[in-house]
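*Asks:* Predicted coordinates and the sequence they were generated for:
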Number of protein chains: 4
Amino acid sequence: MVKAAIVGATGIVGQQFLVALKNHPWIEIAALAASERSAGHSYKEAITEAQSGALRWFCQEPPVEEVMAMPVQNATEMDISAIDIVFSAIESAQAKSLEPKFASDKPVISTASAFRYDDDVPILIPGINSEHAKLLAAQRKSRGWKGFITPIPNCTTTGLAITLKPIYQTFGLNAVVMTSLQAISGAGRSPGVLGLDILDNVIPFIPGEEEKVQRETQKILGNFAGTSISPARFNLSCTCTRVNVREGHTESVFASTQKACQVSDVARAMREYSGSSGEADLPSAPKHMIIVFNDPFRPQPRLDRDAEDGMATVVGRIRKDTALENGVKYVLVSHNTKMGAAKGAVLVAELLIRDGYIS
Amino acid sequence: MVKAAIVGATGIVGQQFLVALKNHPWIEIAALAASERSAGHSYKEAITEAQSGALRWFCQEPPVEEVMAMPVQNATEMDISAIDIVFSAIESAQAKSLEPKFASDKPVISTASAFRYDDDVPILIPGINSEHAKLLAAQRKSRGWKGFITPIPNCTTTGLAITLKPIYQTFGLNAVVMTSLQAISGAGRSPGVLGLDILDNVIPFIPGEEEKVQRETQKILGNFAGTSISPARFNLSCTCTRVNVREGHTESVFASTQKACQVSDVARAMREYSGSSGEADLPSAPKHMIIVFNDPFRPQPRLDRDAEDGMATVVGRIRKDTALENGVKYVLVSHNTKMGAAKGAVLVAELLIRDGYIS
Amino acid sequence: MVKAAIVGATGIVGQQFLVALKNHPWIEIAALAASERSAGHSYKEAITEAQSGALRWFCQEPPVEEVMAMPVQNATEMDISAIDIVFSAIESAQAKSLEPKFASDKPVISTASAFRYDDDVPILIPGINSEHAKLLAAQRKSRGWKGFITPIPNCTTTGLAITLKPIYQTFGLNAVVMTSLQAISGAGRSPGVLGLDILDNVIPFIPGEEEKVQRETQKILGNFAGTSISPARFNLSCTCTRVNVREGHTESVFASTQKACQVSDVARAMREYSGSSGEADLPSAPKHMIIVFNDPFRPQPRLDRDAEDGMATVVGRIRKDTALENGVKYVLVSHNTKMGAAKGAVLVAELLIRDGYIS
Amino acid sequence: MVKAAIVGATGIVGQQFLVALKNHPWIEIAALAASERSAGHSYKEAITEAQSGALRWFCQEPPVEEVMAMPVQNATEMDISAIDIVFSAIESAQAKSLEPKFASDKPVISTASAFRYDDDVPILIPGINSEHAKLLAAQRKSRGWKGFITPIPNCTTTGLAITLKPIYQTFGLNAVVMTSLQAISGAGRSPGVLGLDILDNVIPFIPGEEEKVQRETQKILGNFAGTSISPARFNLSCTCTRVNVREGHTESVFASTQKACQVSDVARAMREYSGSSGEADLPSAPKHMIIVFNDPFRPQPRLDRDAEDGMATVVGRIRKDTALENGVKYVLVSHNTKMGAAKGAVLVAELLIRDGYIS
């Protein structure tokens, strides 16, 4: 079994890692770390509110009993010598300083954005750009690390990049325009989105999000050329909004392709897309990367976010677009805290284990 | 005072007409009509639930006491000889047969879509295409009517057409891509949107809506040439979704202009847009047709839908778009049951009264 | 296998029966019936919207593939000669005439209220009043039926009766005051609760609900004495409200007991309550009828409604009440469309099969 | 004009004070104070988010332009020599130390709970217990202050105390059982209620709330006897829950009266209740303290919270209660951030100005 440490284990993303790794066939949770305040306590103590005795457990799934008695270490002083892989669920600012310390010795898979835009850092989605993992060798070399850092994309990027991939490789892309209707869980809990602000409302701005999505999508769909990735060359523009949905990002996509395409061709390319060989067999992989509905009322986040345990991207309303050259438009739903967060990071770990990057 | 009949007076749109006309300086409510079931009762009786005594009054504003004692007539047998204008708040199927009966004698202003796409029927938004009212003369002539039918646009068209107008006239338009996040009030009450279906959810399809918006926007921004309107020639594509917001449609717009434009130019064109002369003085007109925010967190439907009593269109997030040629993108909020419905129809009546079409 | 017919199979409760019976170890779905409009079609056709091709499937669980090809019969002309049990998911008005026709020949388990208050009709909750099943013999005899009708309680009664049972049998009850915060799914879909009415709102009245809860709770906790049930003699008063929750009724209960009791005694009585022998082994039974939290922030409907697949009643906030004599107060959550509807009816069927009432 | 300082002016309650005092006929805003961070800035600067330029203005009403240029002082170093009254909108912990400093010199009206339970401190609701103001003389004397502290009640107490008052004075009270369904605005913004936690949910616990309501209601309805208040002697028990409503607390009340009473008597007592002479004429006072509906679907928080600009308490569903001796039950809605917060405090100020406590 690969021994994993979870850093930021008491937060919501950390807890999602615990859920994603429960009963995992290849990986076992070997260490937990959080802030100094939690250090020295058992995990259960660390997430118990002193005054009321309430458990600060934030996942819809029940608390993971297996880790309740495990000690929580101080993330800044953690001993990772017996660890094979570090899952990092910390904020970007802290990741900037802490992840390199871990990476000097061990592989780090991170949900933070701190290193996503560095030239020697791939942003992996297994089945979409698995070959970008080869960049990790260059990273190790240039940084002199025994380990490496590989972040997953922003949760809004994930579904967009996955659904654009079969279009891009089959028809080419000129331009993509996207409006997101994002779930509140994407904002986490500190501070998160107040009920007061989102009830009966839409918030039309998520700081930094649009730039992330634009840049990451082009990098993920880019070409790996030996020692670097050249971003995909289509234009991409998006407007990211927040709606009163708990989980599951909805995205309205309009794409202009290079070659003319029929709606039925696009639907088939998505339905048949299965990534490169073997990835569908990874333990956390969905059986179908993309599920395509004909029913025009789908996808809906509440009904479709949990498809294949939140690891499939669900698409519907594929139609001809009449505003763009060779235009096609569709709507997607992607589970932002499963495929788009911890469980997506576990899937990356599985890919890297299978391909010998982690042992 | 112009004497108005409200047809479909017991439904939600009919009630919004009652609110919009309360204390109106030019128009008085002279007759109410609804289905046979209500006929012969006072308005209060007609909207009182027999078993519980509950008032089926659906507006946020208090019930209009002035009409409670008025008799309700059967819409199909209504005598309109003493009426100057008919406001029609009925469903499209019924409008098809009933509105021409009224129009043979009197002006009809309708919220239904039944006649919107006929060549001799204008879709008026005062201040945006007031000159299209001249088409009514052709309509009267071709149909041999003493009155006419003039429908208002679909509520999702309204904000889009208003905000595109200053861009179109200043910079020209090649293409527009729009995703709407529409309020549940837009679906009315029969059947309306069930709480079960929209709670924690987005519904990505509103039957017929996208076609309406595309067609109406091009007609509204089209050119009136003597006896007909030639639609505006830019490409338009949209995806219309429903979100859990009570009132106020949010729209995410991406536009490709013919001439290059700066974000500040677009903002200024919108801010300064005031329609043709005199329209801002109509009793129901907003003082500012378009309000532009710099605050990137605005517009929000809950905070901005009521701007200028729901008659202004509120815009924010004007930015350069990087996917389209000469691209600009923005977000708008428009009150779908004020400017987008009954009160918007009252504004049309005011324009037509001022310009001598109704007397 | 016991062969079951589901009457009202295309509605939401009918669909919940399909889900509850999928892969059932003792019962197989042998016939489906609905209104004349659906008759003669396959189930899939019957629930497919003609115009859009959308599937009108209302459960969160995926559609039950096993029944999609089954024919739907006209409920009023159904042949039940080869059927062992009829699950009725129809409206009360229709149940009044249709259920007796079925019951003259076969056992009927119903979610409708039509017969709940008849003297020879038990309202069964397995584990709470299983012995009331004996009343079915009297019913058969008095009505001259080969079958019988046994309805389940109103969904708001279920959790209240279950949680009061251990208090009632251990300490006795003088009076109970209850305020419910009910989920919108309890109103079904025709007409159901409009999003417009419940968003940012509470509706303080559910017609008929309070009377049902009061009467049913006293009957369920009543004493079976040979040929009739004498209702439990404590006073019960409730106010039933609707809140914007999809599934899971929350109830705030204040009880005055006959004997003095400590909070810890009440908690223990609830935790240890397991019904009469063997019922926990029925296939759909929860392992724990009542789950008791110490965490004061629980139960919450979204977090706790699915406990033991929606079949457990979840209790928290057990405290001393200072207004009533021997007062105790608590909050419960009960899944209104699982234990409180179809799956609860399946549990009743299991009890009656085990005890030889159905074969 | 009475010169007022608002302490805690940048927070949500502080902003509600600004709205409540805009164009006030007797009181003018003369000083604003907040934390050290805001001190030295204009109010507009203090509430502008540096990075995005967004205005952190939290009220539904538009920002109060009149104060935007006013300087914000550091609350701990504020000079109040030219001030006639201090409105305190700070957290209880800070109020503990800061309010006495102000009160040594000037009258302080506070929304904080810090001093509510002190024997020499009244909790005033004009029209309900205006005579308790006389306790302020005792307070000044015992504490040696030139000013005084008078807090308003917890927002959940307000509607309960108001509606119990006519029952209590007409019929007497034995016991009251109440379940609240509280709006999320009651929790403020720091940390407030997360959308993630309240969407599709009910939270059954609000720390400290039930104790406050029980204690305050008895004090408010208590008897002022020269130098102290003896609490009303009925038993009171409540369960306080949070529901997904923005504004407006709903409370389900069950009361046992001393004298038998008819539902119609209770309704009349509430409808006719108008407080002691003259209070309805205070500038912020509602014309009707209590509005009583016969329509059983009312009150609803979204429809009724704004009655008389949020200053009236709205009651419905008055019915006989069958569980308690001389039982009556009803539902109320009270605006928690108008009558229950800043505007309620302004109403207290008006009472004290009229009666000569402030000058």
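*Replies:* Structure received. Numbers count the residues shown, from 1 in each chain, chains lettered A, B, ... in the order given.
*Asks:* Local confidence estimate at the residue nearest to A:Thr163 when sequence neighbours are not counted?
*Replies:* Taking Cβ to Cβ, 6 or more residues apart in numbering or on different chains, and ignoring the residues beside it in sequence, A:Thr163 has A:Leu332 as its nearest neighbour in space, at 5.2 Å. No exception for glycine: its C-beta is placed from N, CA and C like everyone else's. For A:Leu332, the model assigns a pLDDT of 98.
*Asks:* for A:Leu332, what are its contacts?
*Replies:* A:Gly159, A:Leu160, A:Thr163, A:Thr250, A:Glu251, A:Val253, A:Pro299, A:Thr313, A:Val314, A:Val315 (Cβ atoms under 8 Å, 6 or more residues apart in numbering or on different chains).
*Asks:* rerun that using 6 Å as the cut-off
*Replies:* A:Leu332 makes contact with A:Gly159, A:Thr163, A:Glu251, A:Thr313, A:Val315, according to Cβ atoms under 6 Å, 6 or more residues apart in numbering or on different chains.
*Asks:* Just the helices from chain A, written as ranges.
*Replies:* A:12-21, A:43-46, A:92-103, A:135-143, A:155-171, A:195-198, A:209-220, A:263-272, A:301-304, A:342-354 (DSSP state H).
*Asks:* want to try a markdown table for these, with mean neighbour count and mean pLDDT as columns?
*Replies:* As requested, those are arranged in a markdown table below (neighbours: other Cβ atoms under 10 Å in any protein chain shown; pLDDT from 0 to 100):
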| stretch | mean neighbour count | mean pLDDT |
| --- | --- | --- |
| helix A:12-21 | 24 | 96 |
| helix A:43-46 | 19 | 97 |
| helix A:92-103 | 18 | 96 |
| helix A:135-143 | 17 | 95 |
| helix A:155-171 | 24 | 98 |
| helix A:195-198 | 24 | 97 |
| helix A:209-220 | 22 | 98 |
| helix A:263-272 | 17 | 97 |
| helix A:301-304 | 24 | 97 |
| helix A:342-354 | 24 | 98 |
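*Asks:* Please list the residues of chain A that sit near chain B.
*Replies:* Near chain B, the residues belonging to chain A are A:175, A:177, A:179, A:181, A:200-202, A:204-205, A:235-237, A:239, A:243-246, A:250, A:252, A:254, A:296-297, A:300-302, A:317, A:321-323, A:329, A:331 when assessed by Cβ under 6 Å from any Cβ of the partner chain.
*Asks:* Contacts for stretch A:165-176, please.
*Replies:* Under the contact criterion Cβ under 6 Å, 6+ apart, stretch A:165-176 has outside partners A:128, A:221, A:234-236, A:255-259, A:261, A:269-270, A:273, B:323.
*Asks:* What is the nearest of those residues to A:Cys155?
*Replies:* Proximity of the contacts of stretch A:165-176 to A:Cys155, judged by Cβ to Cβ, is greatest for A:Ile128, which lies at 14.6 Å.
*Asks:* Verify the stated contact: A:Glu131 with A:Phe224.
*Replies:* Yes - proximity of A:Glu131 to A:Phe224 meets the contact threshold set by Cβ atoms under 6 Å, at 5.4 Å.
*Asks:* Around chain D, pick out the residues from chain A.
*Replies:* A:Ile184, A:Ser185, A:Gly192, A:Val193, A:Leu194, A:Gly195, A:Leu196, A:Ile198, A:Leu199, A:Arg246.
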